[in-house]
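Asks: Sequence and predicted structure below; questions after.
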Amino acid sequence: MAVSVVIPAYNEARRLPRSLPLLTAALREVPGSEVIIVDDGSLDGTAAVAAGLLRSLPGSRVIRLPWNSGKGAAIRVGVAAAAGDAIVFMDADLASDVSDLPALLAALEHAEVALGSRRIGVGADRTRTRQLGSWAFNQLARSITDLDIADTQCGFKAFRNAEAKVLFSLSRATGFGFDVEVLSLARSLGYRIVEVPVRWTEEPGGTFRIIRHTPAMIVDLARARRHTHRPDRPPAARPVEPLGGLTGYPGRHDDPAGASRARDERTPGGPAGEGAVLPADPHANGTVAARRVGPGLG
């Protein structure tokens, strides 16, 4: 089974040389896997650094956005370009332990969406400030939506391909609160959601800032609430089911009727790992204007 790992990256040129080799080494054991780095308008040469590091994993590539559009927008672009049977997104710092990837993917045998969780199990190493901030946002999300999920914001989530294409094509949130909107959409469509305990170590140098990003996240919660109260919502959405200790990989999941895979617009003749072009609007359903990135290009 092929796996696509999408990583949004904004000014991550210093951290990618440590994190990406760990990820590509793990994925060499999974035939047909790919890594898609979405450079979210970085100013520090992130795209060139990522392109060089991905040469060792055939089929992987960098998509460069022309301006900073937000984490949610970057992941939406990556999901649209992904071809794997399972689509996973992770943070560029690899705070989530990549050795937990098999358990996350195995959970897709029983659900359409699998969430890494830092609040179930005992594997999270976080500062007290970040713990309190995460708890407060989770309580707010529960009060605005009816998502009974322990950890909506962990940057380590997996989806079956067809369902990921549907969810991210419907989502509109562009910032750090996009997770809640996507999960609210999943519940409104009756998708099964499971949480898997993961090991997570807080890394310094992240781009999230409480004062700067919290107001936009609250706006994203309000957007998610609209999906929660859709009139066509199934009468009884399937509950969240905590899972842990799973190994192995799920079998191939065929697209349900009406779900289509996004077309990967590769540059003609471009070698693997040198990027892709996905022309469109930065606020459209899953694609933004992007520039081909190759070795030596920033």
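Replies: On my side now, so go ahead. Residues are numbered from 1 along each chain as shown.
Asks: which parts of stretch 16-27 are buried?
Replies: Under the neighbour-count criterion of 16 or more other C-beta atoms under 10 Å, stretch 16-27 has 16, 19-20, 23-24, 27 buried. Bear in mind the C-beta positions are built from the backbone N, C-alpha and C, glycine included.
Asks: Give me the residues contacting it.
Replies: 3, 5, 7, 9, 33-35, 37, 46, 49-50, 53-54, 56-57, 60, 90, 92-94, 98-99, 101 (C-beta atoms under 8 Å, 6 or more residues apart in numbering).
Asks: Pull out the buried members of those residues.
Replies: 3, 5, 7, 9, 33-35, 37, 46, 49-50, 53-54, 57, 60, 90, 92-94, 98, 101.
Asks: For Lys71, give me its contacts.
Replies: So Lys71 contacts 8, 10, 40, 174-176, 178 (C-beta under 8 Å, 6+ apart).
Asks: List the ones among the contacts of stretch 16-27 that fall in strands.
Replies: Judged by DSSP state E, the subset of the contacts of stretch 16-27 located in strands is 3, 5, 7, 9, 34-35, 37, 90.
Asks: Helices of this protein, start to end?
Replies: 16-27, 46-53, 71-81, 101-106, 128-144, 161-170, 178-188, 210-228 (DSSP state H).
Asks: picking up where we left off before, so which pair among the contacts of Lys71 is furthest apart in space?
Replies: With C-beta to C-beta as the measure, no two of the contacts of Lys71 lie farther apart than Tyr10 and Phe178, at 14.2 Å.
Asks: Between these two, point out the one with more neighbours.
Replies: The neighbour count for Tyr10 versus Phe178, taken as other C-beta atoms under 10 Å, is higher for Phe178 (25 against 20).
Asks: now that one, nearest residue through space, not along the chain?
Replies: Sequence neighbours aside, Gly72 is the residue nearest to Phe178 in space, at 2.8 Å (criterion: C-beta to C-beta, 6 or more residues apart in numbering).
Asks: Isn't Ala80 up against Phe168?
Replies: Yes - counting by C-beta atoms under 8 Å, Phe168 is a contact partner of Ala80 at 6.9 Å.
Asks: For stretch 171-189, list the C-alpha coordinates in CSV.
Replies: The C-alpha coordinates for stretch 171-189 follow below in CSV (Å, rounded to 0.1, in the frame of the first residue of the first chain):
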residue,chain,number,x,y,z
SER,A,171,-12.8,22.8,3.7
ARG,A,172,-12.2,26.5,3.6
ALA,A,173,-10.1,27.2,6.7
THR,A,174,-6.6,28.2,5.9
GLY,A,175,-4.9,28.7,9.3
PHE,A,176,-4.1,26.6,12.3
GLY,A,177,-7.8,26.0,13.1
PHE,A,178,-8.4,24.0,9.9
ASP,A,179,-8.3,20.6,11.8
VAL,A,180,-11.6,21.3,13.6
GLU,A,181,-13.3,22.2,10.3
VAL,A,182,-12.1,19.1,8.6
LEU,A,183,-13.1,16.9,11.5
SER,A,184,-16.5,18.5,11.7
LEU,A,185,-17.0,17.8,8.0
ALA,A,186,-15.9,14.2,8.6
ARG,A,187,-18.5,13.8,11.3
SER,A,188,-21.2,15.5,9.2
LEU,A,189,-20.5,13.0,6.4
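Asks: ok, and for it, which residues are buried?
Replies: 171-189.
Asks: if we can go back for a sec, got a pLDDT number for the residue nearest to Phe178?
Replies: The per-residue pLDDT reported for Gly72 equals 91.
Asks: neighbours around it, how many?
Replies: So Gly72, with other C-beta under 10 Å, has 23 neighbours.
Asks: Begin at 29 from now on, thanks
Replies: Happy to do that; since the first residue is 29 now, the last one works out to Gly100.
Asks: quick one: it from Gly80, how far?
Replies: In this view, Gly100 and Gly80 are 27 Å apart by C-beta to C-beta, to the nearest Å.
Asks: and if you look at Met29?
Replies: Taking C-beta to C-beta, one finds Met29 at 28 Å from Gly80.
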